[in-house]
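this one's structure only:
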């Protein structure tokens, strides 16, 4: 069976994590319309979107193993934290996260060449330091909040705002590597050889 | 006060983690003789070695902030797992870790320009998959076990052998970033500005 692997995501962080595992793959972002999903539960929503992203790309690569992922950030009050449109919105998000926690849910789906899905979700809790006004100014000034759900990052200077992660670090970055290893093995992809 | 930062370690993984935080620093490995330490408790030993590595380099950079670190890996039977001298020894170590856990202790010490030490230790538990003979052959064949305590890695293809980490991922790589942020702040180093 083919051992061709496709990552159905445009995220540079996911690409880097997958490269870190030493795997060879192709990137083909999915254009699944996320507004089609009205599931309120964030873990189920991440799972649903991961499934459909993989499914969409699988149509173009039916003989490959296709990885779909979706990562959602939820505040401690249950609010979905998406990408901030501007610096003001990003600062408001960070002010909410300061001294608080956020839940991160990464859904993952691997479609195998027999069109079978292998799925899972990895959930983590991120605890933020209590930030001073100067520290929030610094963060917004770095511009690193751009294009990040929740306006924070875990793989660069943004780590300085974090006190603790409970769960899988790679899952918070956007691709839970242990879960992925598991799903690829179940899908029959030849890992570690 | 000076804001010059020195990393007292030759480890490329630690250098990369520190760069990831966006900090500017100089690398100056310590030549402290580790055989001078006879503490059996691994967390205390890691702490002691981190202290003395920082202390040694501080002599040459008395006006800087100097970071000393030491990471120790201990098997579930309490055996200290050092770097394997050859492939045979590495395979024996991995065979012991297969389906088992290891404790990783990363000691950290920051000396400030007033020669005061700020210290801590971050301990994590790594759980390994049960590996087949083929998977162990694959791992030894990659050569990536070289120069790694315990003959495994957590920041590359070696992640595929791991089922779970409880603790801080960066601490298992060799430099606990949240603890470091904490110690640098206590030392008076200007972070996030």
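The structure has been received and is ready for your questions. As the structure is a prediction and not an experimental result, all values here were calculated from the model. Residues are numbered from 1 along each chain as shown, chains lettered A, B, ... in the order given.

quick one: what helix or strand has residue A:181 in it?
Using DSSP states H and E, residue A:181 maps to helix A:177-186.

can you name every helix or strand that that helix contacts?
With contacts taken as 3 or more C-beta pairs under 8 Å, 6 or more residues apart in numbering or on different chains; DSSP states H and E, helix A:177-186 sits against helix A:12-20, strand A:101-111, strand A:117-128, helix A:169-173, strand B:162-166. C-betas here are computed from N, CA, C, even on glycine.

flag every buried residue along it.
For helix A:177-186, burial by neighbour count (16 or more other C-beta atoms under 10 Å in any protein chain shown) applies to A:177-185.

now those residues in JSON lines, with pLDDT?
JSON lines is the format used below for the buried residues of helix A:177-186 (pLDDT from 0 to 100):
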{"residue": "A:177", "pLDDT": "95"}
{"residue": "A:178", "pLDDT": "94"}
{"residue": "A:179", "pLDDT": "95"}
{"residue": "A:180", "pLDDT": "97"}
{"residue": "A:181", "pLDDT": "95"}
{"residue": "A:182", "pLDDT": "95"}
{"residue": "A:183", "pLDDT": "97"}
{"residue": "A:184", "pLDDT": "97"}
{"residue": "A:185", "pLDDT": "95"}
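
distance to residue B:140 for those - can I get that in a markdown table?
Formatted as a markdown table, these follow (distance: C-beta to C-beta, whole Å):
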| residue | distance to residue B:140 |
| --- | --- |
| A:177 | 21 |
| A:178 | 21 |
| A:179 | 25 |
| A:180 | 23 |
| A:181 | 18 |
| A:182 | 22 |
| A:183 | 25 |
| A:184 | 21 |
| A:185 | 20 |
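
chain center to the helix of greatest length in chain A: distance?
Longest helix of chain A, by residue count under DSSP state H: helix A:42-58. Taking C-alpha atoms, centre = their mean, to the nearest Å, one finds helix A:42-58 lying 11 Å from the centre of the chain it belongs to.

now swap in stretch A:77-91 and tell me
For stretch A:77-91 - counting by C-alpha atoms, centre = their mean - the centre lies 16 Å from the chain centre.

that stretch near chain B at all?
No - Stretch A:77-91 does not reach chain B (C-beta under 8 Å from any C-beta of the partner chain); its nearest approach is 14.3 Å.

could you check the angle the following helix or strand past the longest helix of chain A makes with helix A:42-58?
Toward the C-terminus, helix A:42-58 is succeeded by strand A:65-75 as the next helix or strand (DSSP H and E). Put simply, strand A:65-75 runs at 150 degrees to helix A:42-58, going by axes from the mean of the first three to the mean of the last three C-alpha atoms, to 10 degrees.

show me what the helix or strand just after strand A:65-75 is packed against.
Proceeding N to C from strand A:65-75, the next assigned helix or strand is strand A:80-81, under DSSP H and E. On a contact count with 3+ C-beta pairs under 8 Å, 6+ apart, strand A:80-81 meets strand A:65-75.

model confidence over the strand it packs on, on average?
Averaging pLDDT along strand A:65-75 yields 97.

which strands and helices sit next to it?
Helices and strands touching strand A:65-75, by 3+ C-beta pairs under 8 Å, 6+ apart, are strand A:5-7, helix A:42-58, strand A:80-81, strand A:101-111.

just say which of these is most tucked in.
strand A:101-111 (a mean of 25; mean count of other C-beta atoms under 10 Å in any protein chain shown).

and that one, how far from the chain's centre?
Relative to the chain's own centre, strand A:101-111 is displaced by 6 Å; criterion: C-alpha atoms, centre = their mean.

again with stretch A:153-170
The chain centre lies 13 Å from the centre of stretch A:153-170; the measure is C-alpha atoms, centre = their mean.

do the same with stretch A:148-159
Using C-alpha atoms, centre = their mean, the mean C-alpha position of stretch A:148-159 is found 12 Å from that of the whole chain.

in it, what counts as buried?
For stretch A:148-159, a neighbour-count test (16+ other C-beta under 10 Å) marks A:148-155, A:157-159 as buried.

go through the residues you listed and flag which are in strands.
Per DSSP state E, strands hold no members of the buried residues of stretch A:148-159.

near chain B, list only the ones from those.
Filtering those for proximity to chain B (criterion: C-beta under 8 Å from any C-beta) leaves A:155, A:157, A:159.

spit out the contact partners of the second one.
Residue A:157 makes contact with A:142, A:144, B:20-22, B:192, according to C-beta atoms under 8 Å, 6 or more residues apart in numbering or on different chains.

and what of the first one?
Remark: with contacts taken as C-beta under 8 Å, 6+ apart, residue A:155 is in contact with A:13, A:173, B:20.

out of those residues, who's nearest residue A:41?
Nearest to residue A:41 among the contacts of residue A:155: residue A:173, at 22.3 Å, using C-beta to C-beta.

can I assume residue A:11 is in contact with residue A:174?
Yes - if you go by C-beta atoms under 8 Å, residue A:11 and residue A:174 touch, sitting 5.5 Å apart.

anything in contact with each of those two?
Applying C-beta under 8 Å, 6+ apart, one finds that residue A:11 and residue A:174 are jointly contacted by residue A:69.

and these two? Which one has more around it.
Between residue A:11 and residue A:174, residue A:174 has the larger neighbour count (other C-beta atoms under 10 Å in any protein chain shown), namely 23 against 18.

which other residues reach the longest helix of chain A?
Contacts for helix A:42-58 (C-beta under 8 Å, 6+ apart): A:6, A:8-9, A:28-32, A:34, A:36-37, A:39, A:64, A:66-72, A:74, A:80, A:103, A:105-111, A:115, A:117, A:119-121, A:123.

quick check on those: which are buried?
The neighbour count (16+ other C-beta under 10 Å) marks A:6, A:8-9, A:28, A:30, A:32, A:37, A:64, A:66-72, A:74, A:103, A:105-111, A:117, A:119-121, A:123 as buried among the contacts of helix A:42-58.

kind regards, and thank you for your time.
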